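> coordinates for the following, if possible.
(4 chains)
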There are 4 protein chains.
Amino acid sequence: MAGSVLGDIFKITTWGESHGTAVGVVVDGCPAGLSISEEAIQAYMDRRKPGAIKYSTKRNEDDEIKILSGVFDGKTTGTPISMMVVNKDHRSADYSEIAEYYRPGHADYTFDMKYGFRDYRGGGRSSGRETIGRVAAGAIAMLLLKELGITVTAYTKSIGPVEVDMSKADMDYIVNSPVYMPDAEATKRAEKHLADAAAKCDSCGGVVECVVRGLPAGIGDPVFDKLDAGVAKAIMSIGAVKGVEIGDGFAAAGMYGSENNDSFYIKDGKPEKCTNHSGGVLGGISDGSDFIVRAAFKPTPSIASEQSTVNRNGEDIKIKVKGRHDPVIVPRAVVVVEAMTAITVVDMMLKRMTATVSAVKEFYDKK
Amino acid sequence: MAGSVLGDIFKITTWGESHGTAVGVVVDGCPAGLSISEEAIQAYMDRRKPGAIKYSTKRNEDDEIKILSGVFDGKTTGTPISMMVVNKDHRSADYSEIAEYYRPGHADYTFDMKYGFRDYRGGGRSSGRETIGRVAAGAIAMLLLKELGITVTAYTKSIGPVEVDMSKADMDYIVNSPVYMPDAEATKRAEKHLADAAAKCDSCGGVVECVVRGLPAGIGDPVFDKLDAGVAKAIMSIGAVKGVEIGDGFAAAGMYGSENNDSFYIKDGKPEKCTNHSGGVLGGISDGSDFIVRAAFKPTPSIASEQSTVNRNGEDIKIKVKGRHDPVIVPRAVVVVEAMTAITVVDMMLKRMTATVSAVKEFYDKK
Amino acid sequence: MAGSVLGDIFKITTWGESHGTAVGVVVDGCPAGLSISEEAIQAYMDRRKPGAIKYSTKRNEDDEIKILSGVFDGKTTGTPISMMVVNKDHRSADYSEIAEYYRPGHADYTFDMKYGFRDYRGGGRSSGRETIGRVAAGAIAMLLLKELGITVTAYTKSIGPVEVDMSKADMDYIVNSPVYMPDAEATKRAEKHLADAAAKCDSCGGVVECVVRGLPAGIGDPVFDKLDAGVAKAIMSIGAVKGVEIGDGFAAAGMYGSENNDSFYIKDGKPEKCTNHSGGVLGGISDGSDFIVRAAFKPTPSIASEQSTVNRNGEDIKIKVKGRHDPVIVPRAVVVVEAMTAITVVDMMLKRMTATVSAVKEFYDKK
Amino acid sequence: MAGSVLGDIFKITTWGESHGTAVGVVVDGCPAGLSISEEAIQAYMDRRKPGAIKYSTKRNEDDEIKILSGVFDGKTTGTPISMMVVNKDHRSADYSEIAEYYRPGHADYTFDMKYGFRDYRGGGRSSGRETIGRVAAGAIAMLLLKELGITVTAYTKSIGPVEVDMSKADMDYIVNSPVYMPDAEATKRAEKHLADAAAKCDSCGGVVECVVRGLPAGIGDPVFDKLDAGVAKAIMSIGAVKGVEIGDGFAAAGMYGSENNDSFYIKDGKPEKCTNHSGGVLGGISDGSDFIVRAAFKPTPSIASEQSTVNRNGEDIKIKVKGRHDPVIVPRAVVVVEAMTAITVVDMMLKRMTATVSAVKEFYDKK
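This next block holds a predicted model:
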């Protein structure tokens, strides 16, 4: 299978189930000498923690990250960084019923089809808790990017039909918005929409947008390992994501070339783009402007209203999904999108260092 | 760099530039015993060949595929299959001018930023001819899928603002449509739109949809190597693609959970889904229904109307891109989308064979 | 860096330092449905545990393995298996001195050259404790091989100049031998040699031989991923190994072709080899006879007698390495050789399942 | 299968059979800006060419290398370098007989066991011609190392029982020696031994030694991707190699720690080793002294004297292997050992550039 490993140089391996002993990640290939601490990583963890936002599951977890290896005197040593969160609140009783049937929109059926059985407790490996390892690894990637003057910022662009008017966006507001939107007014409408959905025992989806600022030109490889291709995989691998677009994305398909092309001009002696329809990437390689990616999240499949489904005995049944579920996962997913983007960008930035003989010579001439 | 290799078991390596001696691909890991021939592969090549459709470049190429290794007595041997197309019509003179400036929407600037210089003839490695290797490898993947009763079919869903009404789609019409649309009426409107664009020295984008039929449940791995994540990377790696979506895609973000969930029911004793909003994948693993992916292509960046840009001397200039360019690449890209989807699906199907101890035992008990 | 991940399908990632919180491993890609338990794995762990044999370090560790994920109802689920051993006895005080100088034969100098600093406590990542993750992962591989009727057995072939006469070997004696030799008389001589070395504050090396019995023909890929090439990497990656050979190994270089070739004959209607100079592999693919590999271990570099070396200030100094060190690591390394061989063989056996179209069809025809 | 791809950053894919149309290699990940030419690569090709040395096959091949992509204006562009040699002299008639039986010491039997059939013409993919791609890729690696002041030199250390006394070795003599030995007197004895073997319709093996000079300290990763582990895999993957050792190798197993440890001392203000028993590597990372590896080659399995074997019908038969075979492959394998060593070293040197945050910052601060 081997599907829990990602990256070439900055390589991460996540592990753990919703109701197992713990969940975690091993980061291999992080450069030595990066200052990291459990506190710095915890700050990212807290953004996806249950209860961090109003609309999240009532599961009671501190999600306290522990660094088990790879750090000495506060700095990464170049060896694997193992991080772990112990699962505290895993009341298996809540989930015993779902062992027998397939929840619509969940991976219950497909896991059974693939492996013949599954760890049905809380969704097992396909639980949202699987993202804990992603965020912990992403925190390290973001700390490394910070050293290079690069920021990765994501936010909720829409929830259900409620969309932020980006021309009025206030990035400082994001942390104050219970739904991580950069806009107070849209936040209110989104909260209203979510309240209505909750009243109907229903759930919502939404779109997360992520911007990488300060990325130098030249990151990403032609052909298969394009910057946008790598990010597309990383983002689409987040549970519940159904679409990924870069820059103008699907809208570009309806445009003319004369509209969509970004003209270059000289600014301070260097080429700049007049517009950024491309979303910061040309031919799979970063062009020095903001790298912009959007992810579409489907509505949370766990809903308390009645649904038709089948059980393992081959019978048609009606169910109501119980348990502690988010009416919308989008706000908590914001930091996951940041994490997956950062992990991919760091891996590509490391690979890019070997692209020219002159860089290789310069590096080794100093040895 | 290492960006021209894709896949874990069914592993392909493409090579070649627009105006080099040849372009090609090596397929390593194709199972032994598959019947293939140059003719069977040529049939796929011809669908992306310049001139195959009305709206394509005037470049004069036969794109005749040659198999150089890995086949004996008409069957694959399990060793690498090397395939090659010789570049016949590479008039470098056409392109000498663009050595000095950066075409908007192209990878000229980013290649220079990464490598310090570039093979500027016809776009070099970022040319559309790079897809020749993809299609040749994809042809092999599709021949293997055919043996397993699985079909991969793509078509043009929209060109510019002209969209096919899928409720009226006629799949048999695709090959008759000069724009590869499954609809005669939409084809006419698309042709009109393209003619208008051409008259204005402009270009168009569009959307390609691809359906995999017959795919068994259980393909794809949880976490990073999800079926949809792998396909997202493969599709986004095609030049000019700016967005990828699965099933309802971005539309799912605006729906309620009760709308978007696909209920299961029992049909002939087995679970089936009532609807297919998920596009055939749940938790990253195929669910046995049609796998559906869409790709948004930006308009061809090469346009004959005047554009602003800069040259390598740091001067603002005006240019008109000359040469033989497609006013829309979408119709020729249809087979490339099929190829990339097939390559990814085959690789995941091979990996899936090792998912259970019972399968491993069954295989080796026969030895 | 990314040097702590091994394998394609059965993929392991080890982590942890000698004096960190814990050491461990994540196994991704183990087929679902394998019965495993902490007890079954602990049996392998105990064979490399400090104090398990007379000649090992006096460090006081239980090396109690904990399974943190990937197992449900006593069976592997197909998701990553995370395993961990907490470091109990890590008295850092013992090691503070070596922070300042480079021990001959150790990786102190090379770590500093690569990373600029190092976790100097107990050798950090280059400690023998790094093999804990290897053995835990190897235990799983060996449990899987057992299901397939394949055994992996290693033993000490020589210590210093004392070599086992394999014609007299008694495999049942191995577990009774304090030095893991399959011969009582050689064991005595080896013990005498070790006692002499210890008296002189010196250390010894030796050779470990490993035999895989029951391996079917057809395992391993031509060219780079040959069975013997993969095992050579896996074995050479064990700290202190300086040589690897297959079958007759270096002795084959001195033989004639007529001596070294193994003739085939028909036995019970099937081809068998009359001899096994090849060590069970032809052209990188297993031939159905015993697969035989040998590893040469250098003497333990930590010795209590005086040595010349240098410190980080660029001064020539004299040192005596203190601490709790094995006078010979060979007996404890026996299970590590088994583990690395088993891990490699399992990965190749899984890959081999996809080698033919007929196997692919047979698998999917049942779906 | 996927066994014909090697390397992480500097990644090579070889293809081609003995009696197919052509053989070749694609090098992906070579840094841009390296000056290469067909002439420079041909110089390496000529050293393994049939007929280049007296004891090689009589097959008539020019082995003329063609570069098909990845080079522009005499420099690598950073995109895949495709290289090819057309097979001229492939008289299939010579080989028709061996389709039906299994030659001892060859991969005939194991290919059949794995794939169900094989390209039996001249050994197909397991032919010595498979090394053509290795040498072409290795030539590029060696040209890159030359830019960094690093040399890779291999030579024949022994043929059968005839061994070079390295204390008398004259490296300048190698190219004059028909058997690539650095010693005129040993050359004579080796030639005598080969003549005797040929007279008896027999064949010989031998040992090749390879020295990498000028390699900086810090190359190679701890744990699985050690420098010596990577080289062990690369060397063991050469057909006919049965053993690999580093530095003192198997001899180290018989030594005391006090003999085997290399003391450090200060020379010109920097640490140096007094001796080089380690062969230039400590803990898997280069230590700045010469990196030394030896490979044991078994005798050529194709011999003209009578051998027992079986055919595909399950009958015991007697055969004499006809055709054009080397009585010893060691001299022609010398350049193959150099190539595999160089390829591995380059890949590890590129990966090493990303090992520290300070190197990453230094690289990107200039952007």
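> tell me which residues of stretch A:38-54 come out buried.
Under the neighbour-count criterion of 16 or more other Cβ atoms under 10 Å in any protein chain shown, stretch A:38-54 has A:Ile41, A:Gln42, A:Tyr44, A:Met45, A:Asp46, A:Arg47, A:Arg48, A:Lys49, A:Pro50, A:Ile53 buried. All C-beta spots, glycine's among them, are computed from the backbone N, C-alpha and C.
> with stretch A:147-154 instead?
Applying a neighbour-count criterion of 16+ other Cβ under 10 Å, the buried positions in stretch A:147-154 are A:Glu147, A:Leu148, A:Ile150, A:Val152, A:Thr153, A:Ala154.
> for those, give me TSV that also has distance to D:Val241.
Shown next, in TSV, are those (distance: Cβ to Cβ, whole Å):
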residue	distance to D:Val241
A:Glu147	44
A:Leu148	44
A:Ile150	46
A:Val152	47
A:Thr153	53
A:Ala154	52
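> can you narrow those to ones near chain D?
For chain D, the contacts drawn from those by Cβ under 8 Å from any Cβ of the partner chain are A:Glu147, A:Leu148.
> and which of the buried residues of stretch A:147-154 is nearest to chain C?
For those, the closest approach to chain C (Cβ to the nearest Cβ) belongs to A:Glu147, at 15.2 Å.
> surely that closest one touches D:Thr356?
No: look at A:Glu147 against D:Thr356 with Cβ atoms under 8 Å: they stay out of range, at 11.6 Å.
> please, which helix or strand holds A:Val135?
Element membership for A:Val135 (DSSP states H and E) is helix A:131-147.
> could you identify the helix or strand that succeeds that helix?
Next along the chain after helix A:131-147, taking DSSP H and E as the criterion, comes strand A:151-159.
> after that following strand, next one along is what?
Beyond strand A:151-159 toward the C-terminal end (DSSP H and E), the next one is strand A:162-163.
> show me what that next one is packed up against.
Under the contact criterion of 3 or more Cβ pairs under 8 Å, 6 or more residues apart in numbering or on different chains; DSSP states H and E, strand A:162-163 touches helix A:184-199.
> which positions in the helix it packs on come out as buried?
For helix A:184-199, a neighbour-count test (16+ other Cβ under 10 Å) marks A:Ala186, A:Thr187, A:Arg189, A:Ala190, A:Glu191, A:His193, A:Leu194, A:Ala197, A:Ala198 as buried.
> ok, those residues vs chain B, which is closest?
Of all the buried residues of helix A:184-199, chain B sits closest to A:Ala197, with 6.3 Å by Cβ to the nearest Cβ.
> in terms of pLDDT, where does the nearest residue in space to A:Val135 that is not next to it in sequence sit?
Sequence neighbours aside, A:Ala339 is the residue nearest to A:Val135 in space, at 4.8 Å (criterion: Cβ to Cβ, 6 or more residues apart in numbering or on different chains). Looking at A:Ala339, its pLDDT reads 98.
> isn't A:Ala339 right up against A:Ala141?
Yes: applying Cβ under 8 Å, one finds A:Ala339 in contact with A:Ala141, separated by 7.2 Å.
> list the contacts for A:Pro216?
A:Pro216 sits next to A:Ser286, A:Gly288, B:Met113, D:Tyr364, D:Lys367 when contact means Cβ atoms under 8 Å, 6 or more residues apart in numbering or on different chains.
> doesn't it belong to a helix?
No: secondary structure of A:Pro216 (DSSP: H, G, I helix; E, B strand; the rest coil): coil, not part of a helix.
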